[in-house]
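Colleague: no FASTA, just this:
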């Protein structure tokens, strides 16, 4: 029994009816080599070796067609009504099942926009089309993008509990770290402190350890998905953190800001405060804009315009992304209409989705300001999963 | 610097010339969500977030076109001559690079046969085709299957050292476990002993822990990729193990056999010995058959016919697969011409490939016999990476 898989698969039939999809097919093989990212939600983390078909219908069928040697494992998951084993080729059972159910639409895991809905490899797509050649089903293939986006996005009770636990642990490690920060430490030293705590607590990393946490001290540290460097923390530096733990398979993703006072300073200089407060204000603008049904681009605009109206260059990334089993959990994005984001900024926001809010800007001579909060969408708008940062952590 | 990536990427240009491919493109995004399985060999385990193109040419160019925020990380790998960052869309730099190099063949990671050469998601394939629309390059796309198969298969010095270390650790844990096996233990008890040792030594698992080791005691244990059960080890049982550790990112995959003597027995009954010796003989037949240049199906036939000529039903899987960074390392297979294996049994064996040899059969009333050895291919044929099992481990 896999509680997450049982909760998630119980959401599927209603989503398929809502999205007017008769049958959803996940078609994979040798998943230990890097499988479809939807598998942990609908099958668990156990591997599937030979070509395997996981089939869900709008009428509630849950069918696994898999290699004979994996039948016991598939049954033990507790989510499938029907487990059909084969020995040499999956094609006969797959066609038999399609013929019996006669779906008018067959959604497969292919998406130009969302990596998490794009788990069907191109070669496997060609294999599937080969199997369906000469049948009416080849013409009925559609993208499962909207199905997977809804399924990943709408967090279940257990998923929300786990995300909250990851958020709490992440903030706890921040709180444990800040009092230890001193001028002269290297970015790598600070990162090592935090990673020691992650490991002591038996937690995992929401993204690779290499740049988790990211630590950027001062104006010359390369900001982005880069590993901490040997740059030392100096008075006058803004120190930017991007950090998140994974706990029981679910993630948090939170950025925090520290300022190191210079000799004689009792508070950060005005330029630093202005930058920090602009980011806080941008987050509040995004927070207030969030409503179920609104496309993410409108939330992005609300935050982005606070930054640009204040006279800073616009940040070159989206204001927020979904968080869940992955730090970047796919689906709708709180982002601008840029090529690389495809349609994701236009997908409506839904209840029970969890998003980051993470605008940012550079304060010349001091460094990068980025704050990132995690929120959940409710019927009444956004709710923070934790207290947002509204004041700089100041180190003497 | 990533030693494996540096060694592997230095193999690429010669492979491209040999396979008559001008340019090899790996096209990915958000790889932390489950990226292309070739990435650990050509980029490392760090994530790539926005759409990213890793380009290698027959003339030796090594080019990474990636999101601006990951430039430092890409440079730190030490394998790319040229790192080209972009902000909004990868298309202009991608087309500019193609126009400059003007490749006549562009290999992409799509394969109907080999999961490890099929890392291009179907939606990403559509994105690529969109970018190339109206250019001559759309027509020049071919499969990188033979490139990736050669690259993964031909192990470098560091890769071979790491595989050997994983093999040694796997056999060490077997040797540590056998003296502790007693009648009355459950399959799960024996597995727990082995996993405790894996964890004590800080090793990883070559495939998921759930069924690593697989332990099958007696005639009623479900054999295959199944987790150990509560079945107890009893006198007269054959106990079958399938186990492998991952060490410094490389795997071993070894099966071993134990027999539990019944009251009054001084050696296993003849039927058990016959079954065991048939499998040993089948392995020897495969071992002797292996030669560079031979298609894997001939090695499979050599082993399989020993089993069927001895009167046992043929095993429903391939005689052997490649081992490396993954327990099932893709490429050519020592397998039969079954649908689900596609063309992989017809790919010629090459020097420096590592294979398993793992025929099996059932001995009615006693259980499953499967032995699995790991060999490396040399100019003169196969060499065992460890002493093969030629006698049953007998428990009183």
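Modeller: Good, I have the coordinates. As the structure is a computational prediction, the values presented were derived from the model and not from experiment. Numbering: from 1, shown residues only, chains lettered A, B, ... in the order given.
Colleague: Would you mind giving the secondary structure of the closest residue to residue A:84 other than its chain neighbours?
Modeller: With Cβ to Cβ, 6 or more residues apart in numbering or on different chains as the criterion, residue A:84 has its nearest non-adjacent residue at 4.6 Å, and that residue is residue A:65. (Glycine included, C-beta is placed from N, CA and C.) Following DSSP: H, G, I helix; E, B strand; the rest coil, we place residue A:65 in the strand state.
Colleague: Could you pull up the residues touching residue A:65?
Modeller: Going by Cβ atoms under 8 Å, 6 or more residues apart in numbering or on different chains, residue A:65 touches A:52-53, A:55, A:84, A:86, A:90, A:93-94, A:97.
Colleague: partners of it in the sheet?
Modeller: Beta-bridge pairing of residue A:65 under DSSP bridges involves residue A:53, residue A:84.
Colleague: Determine which two of the contacts of residue A:65 are furthest apart.
Modeller: With Cβ to Cβ as the measure, no two of the contacts of residue A:65 lie farther apart than A:55 and A:86, at 13.8 Å.
Colleague: Comparing the two, which residue is more hemmed in?
Modeller: Higher neighbour count among residue A:55 and residue A:86: residue A:55, with 23 against 20, using other Cβ atoms under 10 Å in any protein chain shown.
Colleague: which residue does the stretch 201-350 of chain A bring closest to chain B?
Modeller: Nearest to chain B, among the residues of the stretch 201-350 of chain A, is residue A:224, at 2.5 Å (Cβ to the nearest Cβ).
Colleague: Assign a three-state SS to that residue, would you?
Modeller: Once three-state DSSP is applied, residue A:224 turns out coil.
Colleague: Would you mind measuring from the closest residue to residue A:23 other than its chain neighbours to chain B?
Modeller: Closest residue to residue A:23 apart from its sequence neighbours, by Cβ to Cβ, 6+ apart: residue A:103 at 3.6 Å. The gap separating residue A:103 from chain B is 19 Å, by Cβ to the nearest Cβ, to the nearest Å.
Colleague: What ranges does the stretch 101-250 of chain A have for its helices?
Modeller: Using DSSP state H, counting those that start in this stretch, the helices of the stretch 101-250 of chain A run over residues A:122-132, A:145-153, A:157-177, A:187-200.
Colleague: Then the stretch 251-396 of chain A?
Modeller: Using DSSP H, counting those that start in this stretch, helices in the stretch 251-396 of chain A cover A:270-289, A:296-309.
Colleague: Run the contact check for the last one versus chain B.
Modeller: Put plainly, it is helix A:296-309. No. Using Cβ under 8 Å from any Cβ of the partner chain, helix A:296-309 never reaches chain B; the gap is at least 14.3 Å.
Colleague: what does the stretch 251-396 of chain A put close to chain B?
Modeller: Residues of the stretch 251-396 of chain A lying close to chain B by Cβ under 8 Å from any Cβ are A:316-317, A:326-328, A:330, A:338-340.
Colleague: Can you confirm whether the strand or helix carrying residue A:41 lies near chain B?
Modeller: Per DSSP states H and E: residue A:41 is located in helix A:39-42. No. Shown here: helix A:39-42 not in contact with chain B (Cβ under 8 Å from any Cβ), separated by at least 8.8 Å.
Colleague: quick revisit: quick one: the residue of the stretch 201-350 of chain A closest to chain B from residue B:46, how far?
Modeller: 12 Å (Cβ to Cβ, to the nearest Å).
Colleague: helices or strands up against the helix or strand that residue A:95 is a member of?
Modeller: Element membership for residue A:95 (DSSP H and E) is helix A:91-101. Helix A:91-101 sits against strand A:52-57, strand A:62-67, strand A:82-86, helix A:122-132, with contacts defined as 3 or more Cβ pairs under 8 Å, 6 or more residues apart in numbering or on different chains; DSSP states H and E.
Colleague: Show me what it is in contact with.
Modeller: With Cβ under 8 Å, 6+ apart, helix A:91-101 has contacts from A:22-23, A:53, A:55, A:57, A:61, A:63, A:65, A:84, A:86, A:106, A:131-132, A:135, A:137, B:339.
Colleague: wait, what's in contact with the residue nearest to residue A:23?
Modeller: A:22-23, A:57, A:137, A:140.
Colleague: returning to what we had before: report how many residues lie close to the residue of the stretch 201-350 of chain A closest to chain B.
Modeller: Using other Cβ under 10 Å: residue A:224 sits among 21 other residues.
Colleague: now it: how far from residue B:247?
Modeller: Relative to residue B:247, residue A:224 is positioned 32 Å away (Cβ to Cβ).
Colleague: In the stretch 101-250 of chain A, where is pLDDT below threshold?
Modeller: A:225 (pLDDT under 70).
Colleague: Of the contacts of residue A:65, which is the nearest to chain B?
Modeller: residue A:90 (7.2 Å).
Colleague: Chain B contacts on the stretch 101-250 of chain A?
Modeller: Counting by Cβ under 8 Å from any Cβ, the stretch 101-250 of chain A sits next to chain B at A:108, A:110-127, A:130, A:143, A:207-208, A:210-211, A:222-227.
Colleague: If any of those are buried, give me the ChimeraX selection for them.
Modeller: Buried residues within those, by 16 or more other Cβ atoms under 10 Å in any protein chain shown, are selected in ChimeraX with:
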select /A:108,110,111,112,113,114,115,116,117,118,119,120,121,122,123,124,125,126,127,143,207,208,210,211,222,223,224,225,226,227
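Colleague: Okay, and the beta partners of residue A:232?
Modeller: Bridge pairing for residue A:232 - DSSP bridges - gives residue A:186.
Colleague: does residue A:51 really touch residue A:88, like I thought?
Modeller: No. Residue A:51 is not in contact with residue A:88 according to Cβ atoms under 8 Å; the separation is 10.7 Å.
Colleague: Tell me which residues are up against stretch A:263-279.
Modeller: Contacts of stretch A:263-279 (Cβ under 8 Å, 6+ apart): A:235, A:238, A:257, A:259, A:261, A:306-307, A:310, A:312, A:359-366, A:369-371, A:392, A:394.
Colleague: next one: stretch A:105-116 to chain centre, how far?
Modeller: Here the centre of stretch A:105-116 is set off from its chain's centre by 17 Å, with Cα atoms, centre = their mean, to the nearest Å.
Colleague: swap in stretch A:318-330?
Modeller: Stretch A:318-330 has its C-alpha centroid displaced from the chain centroid by 3 Å (Cα atoms, centre = their mean).
Colleague: Check stretch A:333-343 too.
Modeller: Taking Cα atoms, centre = their mean, the mean C-alpha location of stretch A:333-343 is offset from the chain mean by 15 Å.
Colleague: where does the spatially closest residue to residue A:2 that is not a sequence neighbour fall, phi/psi-wise?
Modeller: Spatial nearest neighbour of residue A:2, chain neighbours left out: residue A:44 (4.5 Å); criterion: Cβ to Cβ, 6+ apart. Note on residue A:44: backbone dihedrals following degrees, to the nearest 10 are phi 100, psi -170.
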